[in-house]
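Novice: return atomic coordinates for the entry below.
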Amino acid sequence: MDGSDRSLDDVEWATTTTGLFLPPFATSPVSSLFPIPSLALTLSLLRRRRLLGVLGILPRLQISAACGFTPYPNSRALMAKEQDGSPKLRHPEFQRMRVTLTIGIIGLCVTSYILGAWQGTSNSIKPSFISTKTRCDNLARSSDAHLDFQAHHQVSFNESSLAPEKFPPCQLKYSEYTPCQDPRRARKFPKNMMQYRERHCPKKEDMLRCLIPAPPGYKNPFEWPKSRDYAWYNNIPHRELSIEKAVQNWIQVEGDLLRFPGGGTMFPHGADAYIDDINALIPLNDGNIRTALDTGCGVASWGAYLMKRNIITMSFAPRDSHEAQVQFALERGVPAMIGVIGTERIPYPARAFDIAHCSRCLIPWNKLDGIYLIEVDRVLRPGGYWILSGPPIHWKRHFKGWERTEEDLKQEQDEIEDLAKRLCWKKVVEKGDLAIWQKPINHIECVDSRKVYDAPQICKGNDVDSAWYKKMETCISPLPDVKSEDEVAGGALEQWPKRASAVPPRITRGSVPGLTPEKFQEDSKLWSERVDHYKKLIPPLGKRRYRNVMDMNAGMGGLAAALMKYPLWVMNVVPSGSPHDTLGVIYERGFIGTYQDWCEAFSTYPRTYDLIHADNIFSSYQDRCDITYILLEMDRILRPEGTVIIRDTVEVLGKVQAITEGMRWKSQIMDHESGPFHPDKILVAVKTYWTGKPAQKQ
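Specialist: Predicted structure coming up:
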């Protein structure tokens, strides 16, 4: 059988078994996007269209020669033979068809080569900080942007390299804007029970659709632990507290710096010495006390100095005449929120805190049927402590300085003592300026004592964790049932740090439907792997670049647990109305957090978080409210050059990235930690540095 009678299968076999040279297009990178068939396969397709049956072998050979290779060794002899072939091959019509086919295949070779060379060049461009390249090139509009997580402050307000703006900067007067605690809006509400200082969010038509500017001269805060003691004055340009609280050593202005000596109203010698006094009365260092609540926190020096004892504190204070005290706290790298005990429950679950503290917080604990202390009882865990210093404690010494009569102060203390007994609390000690009470570990005796005390009674409902726009009640939140007087209601907690990895009692007891110990362990392992992946995407994560971290959808607190070895803290947020209320689980692990509806603003000042993590937030909220306002809120609370990590579906991330292009963010969509074929992706963004214009009339 000669070459003219060989089948196309013979040609295909020859091209794959004789080690023949293939032109560049055959293996070029473009094949990943536009697969180019082998020449033999092309000929096979043509054969199936019955073209080669008419043209014979000569066009096949000429095509092979055009692309630069010979299909089999005796091809030259075959070509010589066929040139002397039948008259049918010399017919003008066949000659024209042969030339046309030859030119077409040569064009395909050249085009494929050019596409392959172009694709190979584009694949050689890799971002400096990115370890995995996204395959969603149509979504990653900034795919060759270099995300810089370091603080350089080299981008000015009007730099032309910024992306075209869709959202203009707000006026400089909004640089400390807190939407839901706006003092101007607060005046419209009654002052009774501090209602005017509670959350009052703007209506949609009143929401700002612009970017909150940083004050002129803004600089990134100092790294922890230096930030505990120092801050840049230009970041929070307020001198009020340094004057009003000068004797108490809250804040001192030293040139372009603010210094925090650690003083407080009841501890002018410093928070550290004050904490030592508490430790002499109840043990703070044995791991049993991990989560603390500081009501009326000032600049949160108490919480700042508790951190070195592995105690994390949720500090809160209202936005009031003491300008920006919560902002000072967060600037120092200390957890804090804008908040007040008014008419609504504070946004934390029941049995959350190991210890609660009031140092001259000016809350009238003995008034209104004891409703404020009843609320503290709700969030205090069984066996937890309440510490009170300031009026009326040690009133015999301080009554003149407090400008109150002895009779008035004595009556207030007597009423607090009586209320504590009716709450079934036991007074542990009163020494000097400190008084400490302890909550019982269960309610067995407390239920019996209701026969003696008419009020407060134990609440009949069990919605003790409900705390988002939930009115306070003058009844005692019931504790879980126990079988003996020695059993801790709800389950005993491990000592810190074992508490972080141990299965929380709310899960082992089935208090959170759908969550099991097995799911908890799987979740912990999953977030450990995810944080390892984040470290590859964001190298500064394991260093001191980030201090204040927010997890917008915290789940069981897996992210906080995976990050606990680093010098940072996490504000774990559980969206209100979530299928699983896991905030109590988070507190049982030894972390802090709050409830939040992300259709509203968060209770904090602008520029108070270094890193924000959002896991499936936008999928959850895209049908509830405009996600543009969620992104604008994230921009408000994120510090200049802060980082955002958003996990979601490709479709949702495409929408998010399109919005952030007008927000002075640089972003990039990257692969899921499971690989490029996972339907979810990760968007990493950096907020660029810019400030408001100085000396500008508003």
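Novice: need the contact partners of stretch 181-192.
Specialist: 195-200, 202, 318-319, 338, 603 (C-beta atoms under 8 Å, 6 or more residues apart in numbering). Just so you know, the C-beta spots here come from the backbone N, C-alpha and C atoms, and that holds for glycine as well.
Novice: same question, stretch 366-374
Specialist: Contacts of stretch 366-374 (C-beta under 8 Å, 6+ apart): 193, 341, 363-365, 386, 412, 415-416, 419-420, 422-423, 455-456, 472-477.
Novice: hmm, back to that, out of the contacts of stretch 181-192, which sit inside strands?
Specialist: I338 (DSSP state E).
Novice: identify the farthest-apart pair in the contacts of stretch 181-192.
Specialist: P202 and P318 (18.1 Å; C-beta to C-beta).
Novice: quick check: closest non-adjacent residue to I476.
Specialist: Sequence neighbours aside, I458 is the residue nearest to I476 in space, at 4.8 Å (criterion: C-beta to C-beta, 6 or more residues apart in numbering).
Novice: count of residues packed around the one you found?
Specialist: I458 has 14 neighbours, counted by other C-beta atoms under 10 Å.
Novice: and it, what does it touch?
Specialist: 443, 446-447, 450, 475-476, 478.
Novice: where does pLDDT dip in the stretch 401-550 of the chain?
Specialist: By pLDDT under 70, the stretch 401-550 of the chain has no low-scoring segment.
Novice: what ranges do the helices span in it?
Specialist: Remark: helices assigned in the stretch 401-550 of the chain by DSSP state H, counting those that start in this stretch are 406-422, 444-449, 498-501, 505-508, 517-537.
Novice: ok, which of those comes nearest E240?
Specialist: Evaluated with C-beta to C-beta, those place helix 406-422 nearest to E240, the distance being 28.2 Å.
Novice: buried sites along the closest one?
Specialist: Buried positions in helix 406-422, judged by neighbour count with 16 or more other C-beta atoms under 10 Å: 409, 412-413, 415-417, 419-420, 422.
Novice: relative to the whole chain's centre, how far out is that helix?
Specialist: In terms of C-alpha atoms, centre = their mean, to the nearest Å, the centre of helix 406-422 is set 44 Å apart from its chain centre.
Novice: name the residues that touch it?
Specialist: 365-366, 370, 373, 386, 388, 391-393, 395-396, 399, 402, 427, 437, 453, 455-456.
Novice: pull out the buried members of these.
Specialist: Among the contacts of helix 406-422, those classed as buried by 16+ other C-beta under 10 Å are 365-366, 370, 373, 386, 388, 391-393, 395, 399, 437, 456.
Novice: closest to V686 out of the residues you listed?
Specialist: Proximity of these to V686 (C-beta to C-beta) peaks at W386, which lies at 42.9 Å.
Novice: was I right about the closest one contacting A356?
Specialist: Yes: here W386 reaches A356: they are 4.9 Å apart, a contact under C-beta atoms under 8 Å.
Novice: hey, what's in contact with both of those two?
Specialist: 376, 380.
Novice: quick one: S315 from A231, how far?
Specialist: Going from S315 to A231 by C-beta to C-beta, to the nearest Å gives 16 Å.
Novice: of the two, which one has the most company?
Specialist: S315 (29 against 24).
Novice: so what's that one closest to, chain neighbours aside?
Specialist: C297 (3.5 Å).
Novice: repeat that for A304.
Specialist: Computed as C-beta to C-beta, 6+ apart, the closest residue to A304 that is not its neighbour in sequence is V334, at 4.5 Å.
Novice: I'd like to know how far that neighbour sits from L541.
Specialist: The gap separating V334 from L541 is 20 Å, by C-beta to C-beta.
Novice: ok, back up a step: using TSV, lay out the helices of the stretch 401-550 of the chain together with distance to E673.
Specialist: Shown next, in TSV, are the helices of the stretch 401-550 of the chain (distance: least, C-beta to C-beta, whole Å):
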stretch	distance to E673
helix 406-422	50
helix 444-449	48
helix 498-501	21
helix 505-508	25
helix 517-537	4
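Novice: partners of the lengthiest strand in the chain, with directions?
Specialist: Taking DSSP E as the criterion, the chain has its longest strand at strand 638-649. Note on strand 638-649: by DSSP bridges, its sheet partners are strand 609-615 (parallel), strand 680-687 (antiparallel).
Novice: in that strand, what's buried?
Specialist: Buried residues in strand 638-649, counting neighbours by 16+ other C-beta under 10 Å, are found at 638-648.
Novice: now render those as CSV, adding distance to A685.
Specialist: CSV is the format used below for the buried residues of strand 638-649 (distance: C-beta to C-beta, whole Å):
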residue, distance to A685
L638, 9
R639, 13
P640, 13
E641, 11
G642, 9
T643, 7
V644, 4
I645, 8
I646, 7
R647, 12
D648, 13
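Novice: in contact with I312, which residues?
Specialist: 290-292, 303, 306, 335, 569, 590-592.
Novice: quick one: which of the residues you listed sit in helices?
Specialist: With helices taken from DSSP state H, the overlap with these comprises 303, 306.
Novice: now pLDDT and distance to H238 too, for the contacts of I312, in TSV please.
Specialist: Listed next are these as TSV, based on pLDDT from 0 to 100; distance: C-beta to C-beta, whole Å:
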residue	pLDDT	distance to H238
R290	98	32
T291	98	30
A292	98	26
G303	97	20
L306	98	25
P335	98	20
W569	98	24
G590	98	33
F591	98	31
I592	98	26
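Novice: and which of the contacts of I312 is nearest P579?
Specialist: Checking these one by one against P579 (C-beta to C-beta), the nearest turns out to be F591, at 20.3 Å.
Novice: just for the chain, where's the confidence low?
Specialist: By pLDDT under 70, the weakly predicted segments of the chain are 1-94, 113-146, 150-165, 242-248, 321-323, 695-698.
Novice: closest one to Y218 among the helices of the stretch 401-550 of the chain?
Specialist: That would be helix 517-537 among the helices of the stretch 401-550 of the chain, by C-beta to C-beta, at 26.3 Å.
Novice: what's that closest one in contact with?
Specialist: By C-beta under 8 Å, 6+ apart, helix 517-537 touches 129-132, 501, 503-504, 507-508, 541-542, 555-556, 558-559, 561-563, 645, 670, 673, 682, 684.
Novice: in strands, which of these appear?
Specialist: Per DSSP E, the contacts of helix 517-537 map to strands at 645, 670, 682, 684.
Novice: widest-spaced pair of these?
Specialist: I645 and M670 (9.9 Å).
Novice: any common contacting residues for these two?
Specialist: 682-684.
Novice: endpoint to endpoint, stretch 549-564 covers what distance?
Specialist: Terminal residues of stretch 549-564 lie 11 Å apart, using C-alpha to C-alpha, to the nearest Å.
Novice: can you check stretch 597-611 too?
Specialist: Span of stretch 597-611 from end to end, C-alpha to C-alpha: 19 Å.
Novice: still on that earlier bit, between the shared contacts of I645 and M670, which is nearest T628?
Specialist: Closest to T628, out of all of the shared contacts of I645 and M670 and judged by C-beta to C-beta, is L683, at 15.4 Å.
Novice: bridging residues for the closest residue in space to that closest one that isn't next to it in sequence?
Specialist: Spatial nearest neighbour of L683, chain neighbours left out: I646 (4.3 Å); criterion: C-beta to C-beta, 6+ apart. Counting by DSSP bridges, I646 forms beta bridges with A614, L683.
Novice: contacts only, for I646.
Specialist: Residues in contact with I646 (C-beta under 8 Å, 6+ apart) are 614, 617-618, 653, 656, 682-685.
Novice: roughly how far does it sit from D148?
Specialist: 18 Å.
Novice: residue contacts, the residue lying closest to I338 once chain neighbours are set aside?
Specialist: Distances taken as C-beta to C-beta, 6+ apart place S603 nearest to I338, at 4.3 Å, with adjacent residues excluded. Applying C-beta under 8 Å, 6+ apart to S603 gives the contacts 178, 180-181, 199, 337-339, 594.
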